[in-house]
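Chemist: after the sequence you'll find the predicted model.
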Amino acid sequence: MSKTIKTAILGASGYTGADAMRLALRHPHLEIVALTANTHAGKPVGDVFEHLRGLDLPDLVTLDDVDWTAVDLVICALPHGTTQATTKAIRATNPDCVVVDMSADFRLRDVDTYAQWYGIPHGAPELQGEAAYGLSEHNRDGIAGAKIVACPGCFPTAALTALIPPLANGHVQPDDIIIDAKTGMSGAGRGLKQGMLFSEAGEGTSPYGIGHHRHMPEIEQELSKASGQAITVGFTPHLVPMARGELLTCHVRLADNVSIDDVRTGLVERYADEPFVLVLEEGQIPKTQNVRGSNMVHIGVFKDRLAGRAIIIAALDNLVKGSAGQALQNVNIAFGFEETLGLEQIALFP
Ligand SMILES: NC(=O)C1=CN([C@@H]2O[C@H](COP(=O)(O)OP(=O)(O)OC[C@H]3O[C@@H](n4cnc5c(N)ncnc54)[C@H](OP(=O)(O)O)[C@@H]3O)[C@@H](O)[C@H]2O)C=CC1
Ligand SMILES: CC(=O)N[C@@H](CCC(=O)OP(=O)(O)O)C(=O)O
């Protein structure tokens, strides 16, 4: 397809918006026609992001300034709680527009579960049923026809990529899954927060959301769907002093008569043809520095010293496969482009 897709990026003065611009600029079929911000509206992008100076980009405007009838695609990088009303407004004026959303606003299929975990009522329950969950490798058919794509959270992308195949294969027990997660600080967004100051976060590692992080219901929803049984998980994220990257160490119990090799082989077979998932060989260790800037997920499978247990580790870049990269991958699926277009970057190392 050689069509030019007129694209608006909402929340373009934030971190995921910045990576969405970086990637969309090099996509052969996307033309960026509108960029929005809130407090930064009215500024040229180069004033907000110095690394994007000198590029051909429109100035930042408010959401109210965008003519939704003039866009084919909206890539949405707004905070959760703001996207439902915006999507409603877009749909009311341009029902054909495709909204690829990076926020959590359409990820949870049950609107009451959304209200419970996000502390606010769902602002567009009538649209929730239309949203396709945007875990690219596992929902291509749903994404292909969708007008609303709810991209997974960064932690759920890593957890689901690592755990769906072993659960779907019956290789691990459904009731004993503990996910220990590390994240870089860009996961918290670009807004100023005291806990994100270098002097307070730069020299230590801090667990947070202990026992109640909002990515748990999302991970459970998708693991349950993929494996056809109710799955619950323990999940504890930790903030570590790096800009980008996420590492998830998943502790699981093997099903009866299943070996570590069975688990690894199941993952290798499931992702053999996937350009953005690499299941590492025995002994190779996933590391955030090996995926930084790329759309890759690296997965490793290890035998635990504890009998009958395995450790499955996944690494990704939260701003690429964890958000803007997967969003672009979903754009490619939704519009019928080659899935790797604009996403061929190899990791930046060191
Ligand atoms: N950071 C990450 O690793 C990931 C983030 N996400 C999700 O992506 C979304 C964006 O995250 P991120 O880029 O980190 O966030 P940032 O805080 O860096 O950016 C938020 C953007 O939204 C704009 N904005 C804030 N409030 C409003 C409002 N009320 N109306 C209109 N625009 C508003 C901001 O404008 P201004 O700067 O002018 O105030 C900015 O452009 C969030 O929903 C987040 O949960 C998903 C996966 C990973
Ligand atoms: C370091 C940090 O705060 N990370 C964020 C996760 C990243 C993210 O934005 O996920 P959502 O899209 O679901 O909001 C957090 O734990 O809430």
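Modeler: Arrived safely. Ligands and ions are numbered 1, 2, ... in the order given.
Chemist: near the residue in the stretch 1-150 of the chain that ligand 2 sits nearest to, how many other residues are there?
Modeler: Nearest residue of the stretch 1-150 of the chain to ligand 2: Ala104, at 4.5 Å (C-beta to the nearest ligand atom). For glycine as for every other residue, the C-beta is placed from the backbone atoms N, C-alpha and C. By other C-beta atoms under 10 Å, the residues close to Ala104 number 22.
Chemist: could you list the low-pLDDT ranges of the stretch 201-350 of the chain?
Modeler: For the stretch 201-350 of the chain, no stretch is flagged by pLDDT under 70.
Chemist: that one: strands as residue ranges?
Modeler: 206-207, 234-239, 246-253, 277-279, 297-303, 309-316 (DSSP state E, counting those that start in this stretch).
Chemist: need the ones you listed in CSV with mean neighbour count and distance to Met21, can you?
Modeler: What follows is these, written out as CSV (neighbours: other C-beta atoms under 10 Å; distance: least, C-beta to C-beta, whole Å):
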stretch, mean neighbour count, distance to Met21
strand 206-207, 12, 30
strand 234-239, 19, 25
strand 246-253, 22, 21
strand 277-279, 23, 25
strand 297-303, 24, 23
strand 309-316, 24, 20
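Chemist: any chance of the ones you listed in CSV, plus distance to Lys147?
Modeler: Formatted as CSV, the strands of the stretch 201-350 of the chain follow (distance: least, C-beta to C-beta, whole Å):
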stretch, distance to Lys147
strand 206-207, 38
strand 234-239, 31
strand 246-253, 29
strand 277-279, 26
strand 297-303, 27
strand 309-316, 27
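Chemist: right, and the residue of the stretch 1-150 of the chain closest to ligand 2 touches Pro217 too?
Modeler: No: between Ala104 and Pro217 there is no contact under C-beta atoms under 8 Å: 10.1 Å.
Chemist: now what about the helix or strand where Arg91 lies, what contacts it?
Modeler: Assessed by DSSP states H and E, Arg91 sits inside helix 83-93. Residues from elsewhere that reach helix 83-93 (C-beta atoms under 8 Å, 6 or more residues apart in numbering): 10, 63, 68-69, 74, 76, 78, 97, 99, 101, 103, 105-106, 122-124, 127, 147-148.
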